[in-house]
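In: quick one, structure for this:
(one chain, ligands or ions: 5)
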Amino acid sequence: MIFLDTKFIVQFEEYQQLINNELGNLIKKKHKTPIYNAMGYSLLAGGKRIRPILLLSACVSCGGNIKSALAFACSLEMIHTYSLIHDDLPAMDNDDYRRGMLTNHKVFGEAISILAGDGLLNLAYELMIEHCINNNNLNDIEAFKNIATASGVNGMIGGQVMDILSENKTIDRDSLIYIHKNKTGALISAALTAGALLANANNEIVGKYKEAGDLLGFAFQIKDDLLDVTGTREALGKDANSDISNNKSTYVSLLGIDKANEDYIAYSNKAISIFEELNSPFLKQLALNLIRREN
Ligand code: IPE
Ligand code: IPE
Ligand code: MG
Ligand code: MG
Ligand code: MG
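Out: Ligands and ions are numbered 1, 2, ... in the order given. The predicted structure follows:
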């Protein structure tokens with residue numbers, strides 16, 4: 001990430017540290033079994049933590065308590081990490097590097113890496129349910145439902161299915177939009193929606209965070225497609241040119257680099273104007289930084 005203002009950097013790093021510490025407590029320190037070891041390998045490998053940071057900062061900007069959103073933030077990162085472990089498998093994108101390290105299946109073998117992904121997904125649900133039982137608040141349950149839907153066949157999994165079925169083909173623009181909105185947009189949008197819900201924001205405000213999340217998530221995957229073509233393994237921490245070698249249908253392969261550049265900036269700017277309207281300077285800065293990201 002390239003940072004633009006110091007107040008933002010400090011806040012961003014504080015959120016990252018909070019999330020990393022909590023994830024470490026949940027996985028590393030307590031459990032030493034082989035499956036926790038494989039789960040922790042990918043979870044604690046140092047991703048950007050964009051989704052949990054979006055969730056925490058949306059909660060804070062709606063006047064909510066950061067501590068009460070932490071379990072959901074960590075759960076979302078677990079679901080995202082599971083999706084990455086499975087995405088890298090030979091049956092899917094067949095990649096060797098992730099978050100600057102060998103992919104999970106390269107270290108632990110395919111069987112254990114499938115189970116490590118499953119383990120992270122289930123642990124995420126356990127954490128969210130535990131939070132809901134302890135807090136007994138309908139909005140928390142609504143946030144849980146949002147994350148579950150965004151992760152499932154009408155969200156991330158649905159997008160991944162279409163992504164795989166669209167290899168070696170020319171698909172239409174609507175199918176491309178479906179892939180991007182679902183495989184990536186859904187979890188990013190759910191991060192902002194859940195954050196607002198956990199702060200008990202009203203329906204209108206929750207709707208605005210969702211709208212911004214849809215735009216930001218869509219832009220995020222267009223930028224990811226661009227980085228696959230323009231980045232390097234060193235900068236990305238994951239294999240470059242993976243989409244080309246799998247003959248994927250991406251924003252770049254279907255619409256070209258110029259259109260991809262134009263559109264991800266346009267969608268990000270639309271999200272930024274909603275963050276301005278919501279008076280969320282941190283989220284505005286985060287969106288600006290995501291435009292310039294190099295990994
Ligand atoms: C990568 O997500 C996969 C996509 C959905 C585009 P990130 O770019 O957020 O990856 P990490 O979490 O920082 O490793
Ligand atoms: C992945 O999209 C989306 C997920 C749900 C994991 P990509 O396959 O483009 O993500 P990277 O480029 O491998 O991180
Ligand atoms: Mg993929
Ligand atoms: Mg991939
Ligand atoms: Mg990609």
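In: relative to residue 202, how far out is the closest residue to ligand 5 within the stretch 151-295 of the chain?
Out: In the stretch 151-295 of the chain, the residue found nearest to ligand 5 is residue 224; the distance is 4.4 Å by C-beta to the ion. Bear in mind the C-beta positions are built from the backbone N, C-alpha and C, glycine included. For residue 224, the distance to residue 202 under the criterion C-beta to C-beta, to the nearest Å works out to 33 Å.
In: for the helix or strand encompassing residue 9, what does the pLDDT average out to?
Out: Taking DSSP states H and E as the definition, one finds residue 9 inside helix 6-27. Confidence for helix 6-27, expressed as mean pLDDT, is 96.
In: the more surrounded of residue 224 and residue 202?
Out: More crowded of residue 224 and residue 202, by other C-beta atoms under 10 Å: residue 224, with 22 against 9.
In: circling back to that earlier point, and the helix holding residue 9, how far out from the chain's middle?
Out: Average the C-alpha atoms of helix 6-27, do the same for its chain, and the two points are 16 Å apart (C-alpha atoms, centre = their mean, to the nearest Å).
In: repeat that for stretch 49-65.
Out: Centre to centre, stretch against its chain (C-alpha atoms, centre = their mean), the figure for stretch 49-65 is 13 Å.
In: thinking again about what came up before, quick check: next helix or strand after the helix holding residue 9?
Out: helix 34-43.
In: buried stuff in that next one?
Out: 36, 37, 38, 39, 40, 41, 42, 43 (16 or more other C-beta atoms under 10 Å).
In: counting contacts, what elements does it pack onto?
Out: Helices and strands in packing contact with helix 34-43 are listed as helix 6-27, helix 66-87, helix 104-108, helix 110-135; criterion 3 or more C-beta pairs under 8 Å, 6 or more residues apart in numbering; DSSP states H and E.
In: need the residues that contact the first one.
Out: Contact partners of helix 6-27, identified using C-beta atoms under 8 Å, 6 or more residues apart in numbering, comprise 1, 3, 36, 39-40, 43-44, 46, 49, 52-53, 56-57, 66, 70, 73-74, 77-78, 123, 127, 282, 285-286, 289.
In: likewise for the third one?
Out: In this structure, residues lying in contact with helix 104-108 by C-beta under 8 Å, 6+ apart are 38, 41-42, 85, 88-90, 96, 98, 101, 112-113, 116-117.
In: what residues of the longest helix seen in the chain count as buried?
Out: In the chain, with assignment by DSSP state H, the single longest helix is helix 203-230. For helix 203-230, the neighbour count (16+ other C-beta under 10 Å) marks 205-206, 208-228, 230 as buried.
In: quick check, distance from that helix to the centre of its chain.
Out: Per C-alpha atoms, centre = their mean, the centroid offset for helix 203-230 relative to its chain is 10 Å.
In: in three-state terms, how would residue 89 be classified?
Out: Look at residue 89: counting by DSSP: H, G, I helix; E, B strand; the rest coil, its state is coil.
In: what about the longest helix of the chain and ligand 3, touching?
Out: No: between helix 203-230 and ligand 3, judged by C-beta under 5 Å from the ion, nothing touches; the nearest distance is 9.4 Å.
In: so for the helix or strand following that helix, what's the average pLDDT?
Out: Per DSSP H and E, the first helix or strand lying C-terminal to helix 203-230 is helix 233-236. Within the predicted structure, the mean pLDDT of helix 233-236 is 96.
In: alpha carbons of helix 233-236, in CSV - could you do that?
Out: Once non-C-alpha atoms are left out, helix 233-236 reads as follows in CSV (Å, rounded to 0.1, in the frame of the first residue of the first chain):
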residue,chain,number,x,y,z
ARG,A,233,5.5,-11.7,-7.7
GLU,A,234,7.9,-9.7,-5.4
ALA,A,235,5.5,-6.7,-5.3
LEU,A,236,2.3,-8.8,-5.2
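In: how about that helix: buried residues?
Out: For helix 233-236, a neighbour-count test (16+ other C-beta under 10 Å) marks residue 236 as buried.
In: from residue 120, how far out is the most centrally placed residue in the chain?
Out: Taking C-alpha atoms, centre = their mean, the centroid of the chain lies closest to residue 51, which sits 4.6 Å from it. Spatial separation of residue 51 from residue 120 under the definition C-beta to C-beta is 13 Å.
In: run a quick neighbour tally on residue 175.
Out: Other residues within reach of residue 175 by the criterion other C-beta under 10 Å amount to 17.
In: list the contacts of it.
Out: For residue 175, the set of contacting residues under the criterion of C-beta under 8 Å, 6+ apart consists of 162, 166, 249.
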